[in-house]
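# what follows is a predicted protein model with its sequence.
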Amino acid sequence: MSSQQPNTISSDEFSSGEQRSAAPPSVGAVILVIVLTALMLAGFYVMGIAFRTEGWELLTFLGGMLLAVFPFFVVFSWLSDGTD
């Protein structure tokens with residue numbers, strides 16, 4: 001097993017006052033956020049339709065729930081990709 005070094009800032013780096021600007025988000029990340037947000041909004045819309053339909057209430061509600069919750073699973077799977 002290899003030991004990992006903690007992410008520390010040396011005193012020279014800290015006292016130099018360097019300001020590092022964060023990189024802007026990539027185009028792919030912005031598009032992904034827009035698509036996932038649209039899926040969530042569509043899911044909530046479908047869940048709203050479920051209360052106005054006759055006979056398919058449960059199936060429509062579950063479909064909307066899947067659309068609304070799916071983006072969270074995508075994001076959490078990327079956040080927990082095992083590199084921690």
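Now that the structure is in, tell me what you want to look at. Numbers count the residues shown, from 1 in each chain.

# shaky segments in this structure?
1-20, 82-84 (pLDDT under 70).

# what segments of it are strands?
For the chain, applying DSSP state E gives no strands.

# distance of the most centrally placed residue in it from Val35?
For the chain, Val75 is the residue whose C-alpha lies nearest the centre (CA atoms, centre = their mean; 3.3 Å). As judged by CB to CB, to the nearest Å, Val75 and Val35 stand 12 Å apart. The way it works is simple: take the backbone N, C-alpha and C, and place the C-beta from them, glycine included.

# cool, Gly48 as well?
With CB to CB as the criterion, Gly48 and Val35 are 21 Å apart.

# now swap in Leu58 and tell me
In terms of CB to CB, Leu58 sits 27 Å off from Val35.

# out of the two, which sits in the more crowded spot?
Val35 (12 against 9; other CB atoms under 10 Å).

# what's the separation between that one and Ala42?
Distance of Val35 to Ala42, given as CB to CB: 10 Å.

# cool, and Phe72?
Counting by CB to CB - Phe72 and Ala42 are separated by 14 Å.

# just Ala29 next, same as before
Distance from Ala29 to Ala42, by CB to CB: 20 Å.

# repeat for Glu54
From Glu54 to Ala42 the distance is 22 Å (CB to CB).
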